[in-house]
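> Pasting the sequence and the predicted model now:
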Amino acid sequence: MASGGGSDRERRHLAAAKAWAEGRTSEATVEWEAILVDHPTDALALRLVEDAYYFLGQSLAIRDCAARVLPAWDRDNPLMSFVLGLYAFGLEETGDLKRAEDVGRDALERNPRDAWATHAVAHVMEMANRQEEGVAFLNSTRAYWERAHFMAGNNGWHLALFLVEQGRFDEALADYDRFSAPKLVDDATLDRVDAAALLWRLELMGVDVGDRWSAVARQWMAHVDDHVLAFNDLHCAFAAARSNDRGDAQRLSRSLDDYERLGAGDNRRVTAEVGRRLIEGVLAFAGGDYARAVEAILPVRYEAIRIGGSHAQRDVVNQTLIAAAERSGQWRLARALIAERAAVRPTPRTMAALERAQGRAAVTQLHDRSV
């Protein structure tokens, strides 16, 4: 594509797009950030660089990128809620929950239909363990966000998380059937991610999800060779592992082998160093080899941020690890992992799990001493 006649900003956008298309995500961020230094109200550059940092798991950059441009935006600009919503999400991902909620609600006062700002506030409530409040908030604002293109499904997913933590599984599944399942045919990546993540979490809690996996697996396996993001491939693994076609998991593994051997770019490196271990753990878990799942996931769980996504989304990694420790009879490890979780998420469900793990670990310890 010729770019000799374009402005410096247009040439930088083109360079960023090329870098992105070739998997050089970090290089793309450099170009978008350079645009924003000179043109801080370039909404396209801001949106794209925020997405890139999200894909790279760089929470501080998500926050700081929005903070750097915020003073340049006129408070009366109709897109101001958009910028505030981005900033609110960055604040939440870096643990500043109070400011995140204040900024997110400021955005919603300006534009109640801003689904990204709604999403930021929902994240705050998720991280603060405010499940009942989260259900009320998302239900009361549903008329605003349920038609919001790709964010509608994700906000619905957040509602499901609140319901699941409260043990309201039937409601979560009813919402899935009404809102999430029909959207699968649109083949949007985030909808596939949300569907796979929700069904996997429900099964970790012992819920029978019936034949719902078949449609999810069908949509994911059409993208088995994409390898755009290790985060996406992890969710493809959930679906492949639960597919009625036992060959789907093998197809994914073979495709990842080829990608590691022939691929290039930031995501290829993350896949080889982190993503592949997580995926191996998921496939082992689905196959009933829970000890192998622990062996695969435990050493890289603190590296999981590198696959991208949010704290709420990546929590499925720790949930899978805890379930694998329990099901493999490693109750002292399970006790330790749940105690860690209870320190930041002391929900009734977590505290009940901790009590159970403490009891089982004590029995195991007594048995070991008697042998």
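Arrived safely.
> what mean pLDDT does the host helix or strand of residue 84 have?
For residue 84, the enclosing helix or strand under DSSP states H and E is helix 80-93. When pLDDT is averaged over helix 80-93, the result is 98.
> before we move on, what about stretch 290-299?
Mean pLDDT, taken over the full extent of stretch 290-299, equals 98.
> Show me how far that stretch is from its chain's centre.
For stretch 290-299, the distance from its own C-alpha centre to the chain's C-alpha centre is 20 Å (CA atoms, centre = their mean, to the nearest Å).
> again, but for stretch 262-272
The chain centre lies 19 Å from the centre of stretch 262-272; the measure is CA atoms, centre = their mean.
> that older thread, packing partners of the helix holding residue 84?
Judged by 3 or more CB pairs under 8 Å, 6 or more residues apart in numbering; DSSP states H and E, helix 80-93 is in contact with helix 43-56, helix 59-69, helix 97-110, helix 115-127. From N, CA and C alone the C-beta is placed, and that goes for glycine too.
> What sits closest to the residue most central in space within the chain if chain neighbours are left out?
Nearest to the geometric centre of the chain sits residue 313, at 2.8 Å (CA atoms, centre = their mean). Using CB to CB, 6 or more residues apart in numbering and skipping residues adjacent in sequence, the residue nearest residue 313 is residue 197, 6.7 Å away.
> Equivalent analysis for residue 252, please.
Nearest-residue entry for residue 252: residue 240, 4.6 Å, with adjacent residues in sequence omitted and distances by CB to CB, 6+ apart.
> How about residues contacting whichever helix or strand residue 254 is part of?
Applying DSSP H and E as the criterion places residue 254 in helix 247-262. Under the criterion CB atoms under 8 Å, 6 or more residues apart in numbering, residues 217, 221, 224-225, 227, 233, 236-237, 239-241, 243, 268, 271-272, 276, 279, 283, 286 lie in contact with helix 247-262.
> What's the ChimeraX line that selects buried ones from the residues you listed?
In ChimeraX, a selection of the buried entries from those looks like this (16 or more other CB atoms under 10 Å):
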select :217,221,224,227,233,236,237,239,240,241,243,268,271,272,276,279,283,286
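> quick one: which of the contacts of helix 247-262 sit in strands?
Secondary structure from DSSP state E places none of these in strands.
> before we move on, back to that, what's the spacing between the helix holding residue 254 and its chain's center?
Once both centres are worked out by CA atoms, centre = their mean, helix 247-262 turns out to sit 22 Å from its chain's centre.
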